[in-house]
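A.B. asks: output the structure for:
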Amino acid sequence: MTTNNATYAALDHWIDQHFDEQVQFFQKLVQVPTDTPPGDNTPHAERTAELLQAMGYTAEKHVVPQADVEAYGMTSITNLIVRRPFGSAGSGRTIALNAHGDVVPPGEGWSHDPYGARIVDGKLYGRAAAVSKCDFSTFTYALRALEAVAKPSQGAVELHFTYDEEFGGLLGPGWLLEKGLTKPDLMVAAGFSYEVVVAHNGCLQMEITVHGKMAHAAVPHTGVDALQATAAIMNDLYAENTAYQKVSSKVAGIKHPYLNIGRIEGGTNTNVIPGKVLLKIDRRMIPEENPVEVEAHIRQVIAQAVERFNSERGYQGDDAVRIDIKRLLLANAMTPLAGNQPLVDAIQTHGEAVFGEKPPAVGTPLYTDVRLYVERGIPGVIYGAGPRTVLESHAKRADERLDLQDLRRATKVIARSLVDLLA
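C.D. replies: Below is the predicted model:
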């Protein structure tokens, strides 16, 4: 244990010595946009590979076929794997560290350039600063410290830098795993510093198209108002949302299911009865729920709302409101695998040592790429550089930022944990 304590102290010292360099690496990652949509993310992967090469790391570039990317709704995806084996081939565990580079567009309201990576009062501002380009930096410099100081004699570490999290991960980690390009024993994905996430919600996203009949607003009885029908659907969906509050998850950190109507498009002009309206909904599922049953119930709620709307107005045949429903995403919940305990133990031990408080093992209402590893039997947790809450980080909002002291300390926690996991 004395030897390990000396190793941990040496790791901390190495990270402190190289921290300015680590921050510069982080800044360069933020300065290359990865707005998704449109999802043209290969330029960022190329830049990341170039920066890694300067550190002596060769990043394998795994290009997802263009036809698959375009059919998926994005422009380009190149996923990266850096492999660092220690000792003889096949000895010890392989630990994967995964962070995603794709991120939502910056939107409005920023007080700093979203791609300027400006540092103000110890915080770095920029889109993806907290989720999750910071952890490209956390994981890279934890690995560098490990190699420089601890020099493991067995096992391996892989960096997985992927570019499809916002759309669900299927062409990011999902694609790497499906193609057999990696099969680690354990994995850690980008997260925040004050908790170890061991479970997360699932997510169902659907697109609902409501078809009515356009008409001049001066003679509304000659049309079928798709927007009124949509309002009926929305009222019933929001009623479901109220009922969800009575359903409680047993996983700490996760409360209840919920539903969000995030996008509405429709109508042609103010003096035209809307003939078509499109809704996009997001239904978060707690780990205890069955995704198949959830989707079937949502479809039933929508169908019954339309049936009632048509019946109340006497709409039949060609005059009846019609709906098309398309599933956009079905992401299963992440539930803990028994084999994740070494990850939890290591991160909690070193989180307490570095931060002065033990990060609890909890669930999160988010959904992440980790589920794709867990679904293949690879135990994983979520941990990285970041504040206590998503709200505090401003992720997906203006002025996303990261406290650089969280970056420094999370890097130490990961480096120390790798020593334990590879022992």
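A.B. asks: quick one: the helices in the stretch 101-250 of the chain, in order.
C.D. replies: Along the stretch 101-250 of the chain, the segments classed as helices by DSSP state H, counting those that start in this stretch run 133-145, 173-178, 226-244.
A.B. asks: now D20: which helix or strand?
C.D. replies: Taking DSSP states H and E as the definition, D20 sits inside helix 19-30.
A.B. asks: how far does that helix sit from its chain's centre?
C.D. replies: With C-alpha atoms, centre = their mean, to the nearest Å as the basis, helix 19-30 stands 22 Å off its chain's centre.
A.B. asks: residues in contact with that helix?
C.D. replies: If you take C-beta atoms under 8 Å, 6 or more residues apart in numbering as the criterion, helix 19-30 is touched by 15, 44, 47-48, 51, 101, 115, 117, 119, 124, 126-129, 133-134, 136-137, 140-141, 404, 407-408, 411. (C-beta placed from N, C-alpha, C; glycine too.)
A.B. asks: out of the helices of the stretch 101-250 of the chain, deepest packed?
C.D. replies: Mean neighbours per residue, mean count of other C-beta atoms under 10 Å, is largest over the helices of the stretch 101-250 of the chain for helix 133-145, with a mean of 28.
A.B. asks: C-alpha coordinates for that one, PDB please?
C.D. replies: Provided in PDB are the C-alpha atoms of helix 133-145 (Å, rounded to 0.1, in the frame of the first residue of the first chain):
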ATOM      1  CA  LYS A 133     -14.700  17.300 -24.800                       C
ATOM      2  CA  CYS A 134     -13.300  17.900 -21.400                       C
ATOM      3  CA  ASP A 135     -13.100  14.200 -20.900                       C
ATOM      4  CA  PHE A 136     -11.100  13.700 -24.100                       C
ATOM      5  CA  SER A 137      -8.600  15.700 -22.100                       C
ATOM      6  CA  THR A 138      -9.300  13.900 -18.700                       C
ATOM      7  CA  PHE A 139      -8.800  10.500 -20.200                       C
ATOM      8  CA  THR A 140      -5.900  11.300 -22.400                       C
ATOM      9  CA  TYR A 141      -3.900  12.900 -19.600                       C
ATOM     10  CA  ALA A 142      -4.800  10.200 -17.100                       C
ATOM     11  CA  LEU A 143      -3.400   7.700 -19.600                       C
ATOM     12  CA  ARG A 144      -0.300   9.800 -20.100                       C
ATOM     13  CA  ALA A 145       0.300  10.100 -16.400                       C
END
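A.B. asks: among the contacts of helix 19-30, which are in strands?
C.D. replies: Applying DSSP state E to these, the entries found in strands are I119, L124.
A.B. asks: where does this structure have low pLDDT?
C.D. replies: 1-3 (pLDDT under 70).
A.B. asks: rerun that using 80 as the cut-off
C.D. replies: Where the chain drops to pLDDT under 80, the residues are 1-3, 88-90.
A.B. asks: ok, then the element right after the longest helix along it?
C.D. replies: Criterion DSSP state H: the longest helix present in the chain is helix 291-313. Using DSSP H and E, the helix or strand that follows helix 291-313 towards the C-terminus is strand 322-331.
A.B. asks: re the thing from before, nearest to A218, out of the helices of the stretch 101-250 of the chain?
C.D. replies: helix 226-244 (17.0 Å; C-beta to C-beta).
A.B. asks: and the residue positioned nearest the centre of the chain, how close does it get to S132?
C.D. replies: With distances taken as C-alpha atoms, centre = their mean, T368 lies nearest the centre of the chain, 4.1 Å away. Going from T368 to S132 by C-beta to C-beta, to the nearest Å gives 9 Å.
A.B. asks: overlap in contacts of the two?
C.D. replies: Taking C-beta under 8 Å, 6+ apart as the contact rule, T368 and S132 both touch E165.
A.B. asks: D345: helix or strand, and which one exactly?
C.D. replies: helix 341-355.
A.B. asks: that helix - contacts with which helices or strands?
C.D. replies: Other helices and strands packing on helix 341-355, by 3 or more C-beta pairs under 8 Å, 6 or more residues apart in numbering; DSSP states H and E, are helix 2-17, strand 186-189, strand 196-200, strand 380-382, helix 404-422.
A.B. asks: can I get the CA coordinates of the last one in CSV?
C.D. replies: Taking C-alpha atoms only, helix 404-422 is exported to CSV below (Å, rounded to 0.1, in the frame of the first residue of the first chain):
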residue,chain,number,x,y,z
LEU,A,404,-10.6,23.7,-14.5
GLN,A,405,-10.0,22.5,-11.0
ASP,A,406,-12.6,19.8,-11.6
LEU,A,407,-10.7,18.8,-14.7
ARG,A,408,-7.4,18.6,-12.8
ARG,A,409,-8.8,16.6,-10.0
ALA,A,410,-10.9,14.2,-12.1
THR,A,411,-7.8,13.5,-14.2
LYS,A,412,-6.0,12.5,-11.0
VAL,A,413,-9.0,10.2,-9.9
ILE,A,414,-9.0,8.4,-13.3
ALA,A,415,-5.2,8.0,-13.4
ARG,A,416,-5.2,6.6,-9.8
SER,A,417,-8.1,4.3,-10.6
LEU,A,418,-6.3,2.9,-13.6
VAL,A,419,-3.5,1.8,-11.4
ASP,A,420,-5.8,-0.2,-9.2
LEU,A,421,-7.8,-1.6,-12.1
LEU,A,422,-4.7,-2.8,-14.0
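A.B. asks: in that helix, what's buried?
C.D. replies: Buried residues in helix 404-422, counting neighbours by 16 or more other C-beta atoms under 10 Å, are found at 404, 406-422.
A.B. asks: for the second one, same thing?
C.D. replies: Burial within strand 186-189, assessed by neighbour count using 16+ other C-beta under 10 Å, is assigned to L186, M187, V188, A189.
A.B. asks: give me the contacts around it.
C.D. replies: For strand 186-189, the surrounding residues in contact (C-beta under 8 Å, 6+ apart) are 93-99, 139, 160, 339-340, 342-343, 347, 368-370, 373, 378-384, 414, 417, 421.
A.B. asks: partner strands of that strand and their direction?
C.D. replies: Applying DSSP bridges, strand 186-189 is found paired with strand 94-100 (parallel), strand 380-382 (parallel).
A.B. asks: chain center to the longest one: distance?
C.D. replies: Just to be clear, that refers to strand 94-100. Chain-centre distance of strand 94-100: 14 Å, with C-alpha atoms, centre = their mean.
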